[in-house]
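Student: turn this into a model:
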Amino acid sequence: MGFTFIPAAEEHRLPSLAAPGRGLATLAYSLDRPFPAPRQGLRGGCMVLGGRVRSGRAAETANECRRRGIGTAVFGFSPCPGLELLRFCETLRRRGIRCVVTEAVWQEGCGAAMLVSTAISGGTLTERLRAARERCGEVWLDLERTRRLFPLPCPDGNGSPLSPGELEQLLSQGDAPFFSEALQCRVSVLSSPVRFLLYDDGETLWRKAALAERLGISKGLLLIPEEWSEAELIQAEKNPAIQG
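Tutor: Numbers count the residues shown, from 1 in each chain. A predicted model of the protein is given here:
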């Protein structure tokens, strides 16, 4: 079957990631503001829609997808009423647009695939993905390079996001990192006070994709952060983790 990584980036960065046969996902659109005029001539791939889902913008979204040859819309990153989601999905599906909805707002009857984040801090990724497949037959991964610091205790279970520089600094202070089979990421323990670092690299992203493939999941969005420099984008282009 194979696993397909779909790089997701701001529109002006997509040309650096374009390659024959590779799908791309643009982060240019939000339902909380008017859609921008396209900055690039790229066609096809996915539209990642930020903002709150509103059925009143469904027709406009479908028209924009059709105009640009986009076949898939990914959305549901903010809470929304269930009826609004159902109406939005129905309008897009009738226009031939595939829908992928985040795990947090997905519901029975929406007819969409489910987008599941691989950044977890408890339980096991295997069980999370299995449960998602039981709820929704088609699952996509939301892949991002986790960089989080978790104090003890951590009531919210989310920890604090870190910049690449902050991660490197903290790694130099902690124990040698190890790979967590349960979380499918790397972990380092810091003392005084005790804290945990959870982070991803190219290898852990591959491991997550391999796990997903064994469970019958074949697609994933790979977030390319705005903070990456042009040099990092060039390096990313050579990284097998985004080659489809």
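
Student: care to break this protein down by domain?
Tutor: Annotated domains of the chain cover 4-145+200-242, 147-198 [automatic domain parsing].

Student: for the spatially most central residue of the chain, pull up the helix or strand it's in.
Tutor: In the chain, the residue lying closest to the centroid (Cα atoms, centre = their mean) is D142, at 2.8 Å. Taking DSSP states H and E as the criterion, the element that holds D142 is strand 139-143.

Student: note down every partner strand of the very next helix or strand once past that strand and its orientation.
Tutor: Counting by DSSP H and E, the next helix or strand C-terminal to strand 139-143 is strand 147-151. Strand 147-151 sits in its sheet next to strand 160-161 (antiparallel), strand 195-199 (antiparallel), going by DSSP bridges.

Student: secondary structure class for the spatially most distant residue from the centre of the chain?
Tutor: If you look at how far each residue of the chain sits from its centre, by Cα atoms, centre = their mean, the farthest one is S192, at 33.5 Å. Under DSSP: H, G, I helix; E, B strand; the rest coil, the three-state class of S192 is coil.

Student: ok, back up a step: surely the residue nearest to the centre of the chain touches G220?
Tutor: Yes - in terms of Cβ atoms under 8 Å, D142 counts as a neighbour of G220; the distance is 7.2 Å. Glycine gets a C-beta too; all of them are placed from N, C-alpha and C.

Student: on that earlier part again, the strand holding D142 pairs with which strands?
Tutor: strand 113-117 (parallel), strand 219-223 (parallel).

Student: weakest of these in terms of mean pLDDT?
Tutor: Note on these: lowest mean pLDDT is at strand 219-223, with a mean of 91.

Student: now do it: everything it contacts.
Tutor: Residues outside strand 219-223 that contact it (Cβ atoms under 8 Å, 6 or more residues apart in numbering): 3-9, 25, 46, 48, 74, 115, 118, 140-145, 205, 208-209, 212, 241-242.

Student: how far off centre is stretch 12-31?
Tutor: From the chain centre to the centre of stretch 12-31 is a distance of 14 Å (Cα atoms, centre = their mean, to the nearest Å).

Student: stretch 165-183 now?
Tutor: On Cα atoms, centre = their mean, the centre of stretch 165-183 falls 22 Å from that of its chain.
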